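> Here you go, sequence then predicted model.
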Amino acid sequence: MIRKFALSLLLLFVLFLAGCWNREELNEVAIVTGIGVDKGTPEEGFVLTYQVVAPRTAALTKQSSESGGNGPIILYKGSGKTLFEATRRTAPKLPRRLFFSHSRLFVISEKVANDGIGDLLDFIERNDEFRPTMQLFIARNSDAYNLLKASTPLDKISSNSIVEETRLSQKIWGNNLQVTLGEYLTNPQIPTVIPGLQLSGSDVKVSGLAVMNDQKLADWIEEPEARGLLWIKNKIRSTVVSLGCKPKQNGVGLVITRSDTKVRALMTTNQPSIQIQVTAEASIGEDDCAIDLTDPDEITKLEKKMSNQIKSEIDAVILQEQHKKLDVFGFGGTVMRSDKRYWHEIKDEWKDLFSQVAVKVEVASVIRRSGMRSKSFST
């Protein structure tokens, strides 16, 4: 009896699970791959741009898509006093419903970032269709619309190309940082960084890190200071450190194969200080200085130069942001975890304290491999 009842109950559940009650056919939706926000005229307010995949041309080969038509993407724009109004004004221009599940890119123009993105954050968090995994960018010296419009040679959909370029920039060179909407929205009140994008001719390139403070653009971090920030945040996975020799300024190229950064807060007489310890391992990728790599003393000299180079990049970005009183490194959180009672006493004054806090940087470098040759062709 119990077995029959259980079987009947199971069959009943299957009836409720059958079918897709909220299904949407592919020919009924417009797949949005990128979103841009610009500042319009006072009458326009915000200008919202959606990069939508053109179904017919996206599947064509590069040769056939270049022969004519609008290419694999179409841009739709709408303006409004609020972002919600701009969205509703854009929707009637499309014959299909906007579909955001494949959106990868969210670009904010520099003008919008200068005025503040508080309204934008409110709009995003209230809309359950926006993906928190979308990559967030600031458009430098350009409108977000023009960046979304730009063509990329290797990928027909520019949003995909830009996101992958940023990922590789962080992974291989270590001069940029991927930031998602979800990561930024976890605590938008504290200083943080967002990668920048810039037009270079008809191409789009990753350019610097935008420092956001109180939801407004406060500063730009360029190379090599941008890499110094990634050293502090323990985000360096691989990069190249170039060292000089006489008469060449960059004669030795070291490939970082492993790195680890530890940040600690030290309390002495109620005055916090920060200690940064970086451990880096490298291989020699190029030697145009005729260095005898079989000599341990020469390797030791290179390791010391490498440590000094890394330390100089870290010191430079700390000096820049302390001058601006922008704790993009999270030193305040480090102090809080070290001494919560002290943090509650000084957290309202941390902005001024951060600009004066002593930071000690220690770098230990090791060169593990010299490559397939022990002597340079320049010898």
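Arrived safely. Numbers count the residues shown, from 1 in each chain.

> quick one: the helices in the stretch 201-350 of the chain?
225-232, 296-324, 331-338, 340-346, 350-354 (DSSP state H, counting those that start in this stretch).

> To residue 156, which of those helices lies closest?
helix 225-232 (29.4 Å; Cβ to Cβ). All C-beta atoms are positioned from the backbone trio N, CA, C, and that covers glycine.

> For the closest one, list the C-alpha coordinates in CSV.
Extracted C-alpha coordinates of helix 225-232, given in CSV (Å, rounded to 0.1, in the frame of the first residue of the first chain):
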residue,chain,number,x,y,z
GLU,A,225,51.9,51.6,-10.8
ALA,A,226,49.0,49.4,-11.9
ARG,A,227,51.2,46.3,-11.7
GLY,A,228,52.3,47.5,-8.3
LEU,A,229,48.7,47.4,-7.1
LEU,A,230,48.3,43.8,-8.4
TRP,A,231,51.5,42.8,-6.5
ILE,A,232,49.9,44.1,-3.3
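
> Make 4 the first number, not 1, from now on.
Understood, numbering begins at 4; the last thing we discussed is helix 228-235.

> so how far is it off the chain centroid?
13 Å (Cα atoms, centre = their mean, to the nearest Å).

> now swap in stretch 318-330 and tell me
19 Å.

> In it, which residues are buried?
319-321, 323-325, 328-330 (16 or more other Cβ atoms under 10 Å).

> Would you mind putting those into JSON lines with pLDDT and distance to residue 107 alongside?
Output for the buried residues of stretch 318-330, formatted as JSON lines (pLDDT from 0 to 100; distance: Cβ to Cβ, whole Å):
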{"residue": "319", "pLDDT": "96", "distance to residue 107": "32"}
{"residue": "320", "pLDDT": "97", "distance to residue 107": "28"}
{"residue": "321", "pLDDT": "97", "distance to residue 107": "33"}
{"residue": "323", "pLDDT": "96", "distance to residue 107": "31"}
{"residue": "324", "pLDDT": "96", "distance to residue 107": "29"}
{"residue": "325", "pLDDT": "96", "distance to residue 107": "35"}
{"residue": "328", "pLDDT": "94", "distance to residue 107": "34"}
{"residue": "329", "pLDDT": "95", "distance to residue 107": "28"}
{"residue": "330", "pLDDT": "95", "distance to residue 107": "30"}
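
> Show me which of those is closest to residue 254.
residue 319 (22.4 Å).

> wouldn't the closest one be in contact with residue 228 here?
Yes. Proximity of residue 319 to residue 228 meets the contact threshold set by Cβ atoms under 8 Å, at 5.0 Å.

> will you turn the helices of the stretch 204-353 of the chain into TSV that also has distance to residue 201?
Shown next, in TSV, are the helices of the stretch 204-353 of the chain (distance: least, Cβ to Cβ, whole Å):
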stretch	distance to residue 201
helix 228-235	14
helix 299-327	20
helix 334-341	29
helix 343-349	38
helix 353-357	29
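
> winner for burial among these?
Stretch with highest mean neighbour count among the helices of the stretch 204-353 of the chain: helix 228-235 (a mean of 24; mean count of other Cβ atoms under 10 Å).

> For it, which outside residues touch it?
173, 176-180, 196, 211-212, 224, 239, 242, 262, 264, 266, 279, 281, 313, 316-321, 323, 331-332 (Cβ atoms under 8 Å, 6 or more residues apart in numbering).

> Buried ones among these?
Buried among the contacts of helix 228-235 (16+ other Cβ under 10 Å): 173, 176-180, 196, 211-212, 224, 239, 242, 262, 264, 266, 279, 281, 313, 316-317, 319-321, 323, 331-332.

> Could you point out which residue ranges in this structure have low pLDDT?
By pLDDT under 70, the low-scoring segments of the chain are 4, 7-8, 15-30, 59-74, 156-157, 374-382.

> And stretch 113-125, what's buried?
113-116, 120, 122-123.

> Could you list which of those belong to strands?
Among the buried residues of stretch 113-125, DSSP state E puts none in strands.

> Show me the two of those that sit farthest apart.
Farthest pair in the buried residues of stretch 113-125, by Cβ to Cβ: 113 and 122, 16.2 Å.

> Which residue ranges make up each domain of the chain?
31-224, 228-372 (automatic domain parsing).

> how about the ones you listed, which one is nearest residue 11?
Nearest of those (Cβ to Cβ): domain 31-224, 36.6 Å.

> Mind putting the domains of the chain into CSV with distance to residue 12?
Shown next, in CSV, are these (distance: least, Cβ to Cβ, whole Å):
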stretch, distance to residue 12
domain 31-224, 33
domain 228-372, 51
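
> Helix, strand, or coil at residue 50?
What DSSP: H, G, I helix; E, B strand; the rest coil gives for residue 50 is strand.

> can you pull the contacts of residue 113?
141-145, 220 are the contacts of residue 113 under Cβ under 8 Å, 6+ apart.

> from the residues you listed, which would you call buried?
141-143, 145, 220.

> Please, where are all the strands along the stretch 154-303 of the chain?
Along the stretch 154-303 of the chain, the stretches classed as strands by DSSP state E, counting those that start in this stretch are 195-203, 206-216, 219-224, 242-246, 255-271, 274-290.

> Output the ones you listed in TSV; the columns should cover distance to residue 189.
Compiled in TSV, those are given as follows (distance: least, Cβ to Cβ, whole Å):
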stretch	distance to residue 189
strand 195-203	10
strand 206-216	13
strand 219-224	18
strand 242-246	27
strand 255-271	19
strand 274-290	23
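
> Looking at those strands, which is nearest to residue 168?
strand 206-216 (5.9 Å).

> Touching that closest one from outside, list them.
Everything outside strand 206-216 that qualifies as a contact, by Cβ under 8 Å, 6+ apart, is 116, 120, 141, 143, 150, 153, 155-156, 161, 164-165, 168-169, 172, 178-180, 187, 191, 194-201, 220-226, 229, 232, 324, 327, 329, 331.
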